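Trainee: Below are the sequence and a predicted model; questions follow.
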Amino acid sequence: MSHGTERTGETMPWWLYALDKTNAIVTTLTACVLLYTRAAGVAYFTAGAVLCSITVKILKRCLRQPRPDVTIVVNGRRKKKKTYGMPSTHSAVITYFATYISLACAYLPIHPSFPASPILSRVLPPLLVVPLATTIAASRIWLGHHTWPQVAAGVTYGLLFAPVWFKLWTGGLNEYGRAVEDRFPM
């Protein structure tokens, strides 16, 4: 029997349960935006999120730091996460989202598929995504999936990864994106 914490889906508040499922929610919303806009820049942003996730998982396997001692009850069975915890992948990727979206809203031209209103396309997205990302990162601790240092490392990774990925786009890859969109118009 584990000496750590035990969680069940039945006793978890709905908002914490939703935060526990953010990977599916964020992935679905990202896919919807990509399908709606069919924008090369959104595809590039999405590829960056996937690459951020993959590189964090590689780093986890190198560092091999265990997760907190938490047992989760799923369908009546006790289950312990078997993957490593340092750094937090969720925290890294959601911080990448918040950072990249904020940079895009500040520096990129508004894509024709987004509302032309500066309030809706430049101000509102960072005002929504930054607090949401902060809440999601903190929830990794509340849910017992990670320690504070693991989440801090994930946040730091996302904060460093996003500007580098953004700079690659603005440093010339956006020209290829424009060419793709010109070749295959919506």
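Mentor: Yep, it's here. Numbering: from 1, shown residues only.

Trainee: distance of the residue positioned nearest the centre of the chain from residue 134?
Mentor: Geometric centre of the chain, nearest residue: residue 94, 2.6 Å, by C-alpha atoms, centre = their mean. Counting by C-beta to C-beta, to the nearest Å, the gap from residue 94 to residue 134 is 9 Å. C-beta here means a position set from N, CA and C on the backbone, and glycine is covered the same way.

Trainee: Ok, residue 145 next?
Mentor: From residue 145 across to residue 134, the span is 16 Å (C-beta to C-beta).

Trainee: show me where the chain has strands.
Mentor: 5-8, 70-74, 77-79 (DSSP state E).

Trainee: I'd like to know the predicted local confidence at the residue nearest to the centre of the chain, please.
Mentor: pLDDT, residue 94: 93.

Trainee: What lies in contact with the longest helix anywhere in the chain?
Mentor: Secondary structure of the chain per DSSP state H: the longest helix is helix 40-63. With contact meaning C-beta atoms under 8 Å, 6 or more residues apart in numbering, helix 40-63 is reached by 30, 33-34, 83-89, 92-93, 96-97, 100-101, 104, 108, 111, 154, 157-158, 161-162, 165, 169, 173-174, 176-178, 180-181.

Trainee: about what we covered before: tell me if I'm right that the residue nearest to the centre of the chain and residue 157 touch.
Mentor: No: contact criterion C-beta atoms under 8 Å: residue 94 and residue 157 do not qualify, at 11.2 Å.

Trainee: quick one on the thing from earlier: residue 145 and residue 134 - which one has more neighbours?
Mentor: residue 145 (23 against 15; other C-beta atoms under 10 Å).
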